[in-house]
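# how does the following fold in three dimensions:
(2 chains)
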2 protein chains.
Amino acid sequence: MYLAKVFVTLKPTVNDPQGITVLGGLKNMGYESVSEVRVGKLLEVKIEETDPHRAENIANEICDKLLANPVIEQYSVELLEQ
Amino acid sequence: MYLAKVFVTLKPTVNDPQGITVLGGLKNMGYESVSEVRVGKLLEVKIEETDPHRAENIANEICDKLLANPVIEQYSVELLEQ
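Numbering: from 1, shown residues only, chains lettered A, B, ... in the order given. Purely as a prediction, here's the structure:
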């Protein structure tokens, strides 16, 4: 069994209003040294496969098809055997 | 300057309706080997400090105070020098 940790982030050129809001909150709380916040998603996906290549293919496929929006988001996958 | 990668996930005992919905979608798409999905947040926070201990303290403090809800969420921080 594999655990795929999928990190989905907005592409660097895409505006991130959620991150800007969090940054504003931190500045208001007095954290002046925080200069930027970007918010992304972390998905932990359990894949019941014995072959790591197959598990990795499935992880990448579901990212392309469902978990990430390729127009504005990029993703990376970290595969852990369990 | 430091980049703090903050991973916020629901505690294991907390129900994750968003993850269950994604899992249902994947099952409908034919991914039978996917058995569980949990959805969390990934926050990339730039901290303008030169001292790594100070940067780490700030990262942990903002998690406790704003980025994570300690009742239902847990977090981990990965600090990268830039």
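
# give the other helices and strands that the lengthiest strand in chain A contacts.
Scanning chain A for the strand with the most residues, using DSSP state E, yields strand A:34-47. Contacts defined by 3 or more Cβ pairs under 8 Å, 6 or more residues apart in numbering or on different chains; DSSP states H and E place strand A:34-47 against strand A:2-10, helix A:17-28, helix A:52-62, strand B:2-10, strand B:34-47. Using the backbone N, CA and C atoms, a C-beta is placed for each residue, glycine as well.

# make it 6 Å
strand A:2-10, helix A:17-28, strand B:34-47 (3 or more Cβ pairs under 6 Å, 6 or more residues apart in numbering or on different chains; DSSP states H and E).

# how far off centre is the shortest one?
Looking back up the chat, that one is strand A:2-10. In terms of Cα atoms, centre = their mean, to the nearest Å, the gap separating the centre of strand A:2-10 from the centre of its chain is 5 Å.

# ditto for the longest one
Centroid separation between strand B:34-47 and its chain, computed with Cα atoms, centre = their mean, is 4 Å.

# coming back round to it: select, out of the helices and strands packed on strand A:34-47, the one closest to A:A59.
strand A:2-10 (3.9 Å; Cβ to Cβ).

# so A:S76 makes contact with A:F7?
Yes: assessed by Cβ atoms under 6 Å, A:S76 is found in contact with A:F7 at 5.0 Å.

# ok, these two, which is more surrounded?
For A:S76 versus A:F7, neighbours defined as other Cβ atoms under 10 Å in any protein chain shown are more numerous around A:F7 (19 against 11).

# brilliant, that's me finished.
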